[in-house]
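> My questions concern the predicted model and sequence given below.
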Amino acid sequence: MKEPTVPLENVIMRSRLKYYTLALAVIWTSILVLSLALGIQDVRKDTKNLAYGKAVAHFNKDQALRFWATEHGGVYVPVTEQTQSNPYLVNIFERDIETPAGKRLTLMNP
């Protein structure tokens, strides 16, 4: 019995169809990968900008607090093991004070 033969044109058409399908799949995958890479890069850039903005805001807040404390001549804090009298402020008349309740306070410079 004789095998059915497929015309050469059909074989060529199928071969081209496979080639074009593969090429289209490669192009589509490349577009998706590029889109993903650009999206990730954009998210990283936005995250970095947000972190920088927050860091600047915290720095400015700390600077404002230090400026305020400096403008007012320092801040009195309770004397503890961690916060002893500052030896560099020995010239200040009221470096160490005591509250009416008997709590000892020392002047801290910012």
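Great, that's in hand. In this text, all values refer to a predicted model and were calculated from it rather than measured experimentally.

> measure residue 64 to residue 70 for me?
To residue 70, residue 64 is 11 Å away according to C-beta to C-beta, to the nearest Å. The C-beta positions use only the backbone N, C-alpha and C, and glycine is treated the same way.

> and residue 100, how many neighbours?
Residues near residue 100, counting by other C-beta atoms under 10 Å, number 5.

> Tell me which stretches of this structure form strands.
Applying DSSP state E to the chain gives strands spanning 75-78, 96-98, 104-108.

> Pick the most deeply packed of the ones you listed.
Stretch with highest mean neighbour count among these: strand 104-108 (a mean of 17; mean count of other C-beta atoms under 10 Å).

> Dump the C-alpha coordinates for that strand into PDB.
Output in PDB follows, covering the C-alpha atoms of strand 104-108 (Å, rounded to 0.1, in the frame of the first residue of the first chain):
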ATOM      1  CA  ARG A 104      18.900  66.600  90.000                       C
ATOM      2  CA  LEU A 105      19.100  67.900  86.400                       C
ATOM      3  CA  THR A 106      22.100  68.700  84.300                       C
ATOM      4  CA  LEU A 107      22.400  70.900  81.300                       C
ATOM      5  CA  MET A 108      23.100  69.100  78.000                       C
END
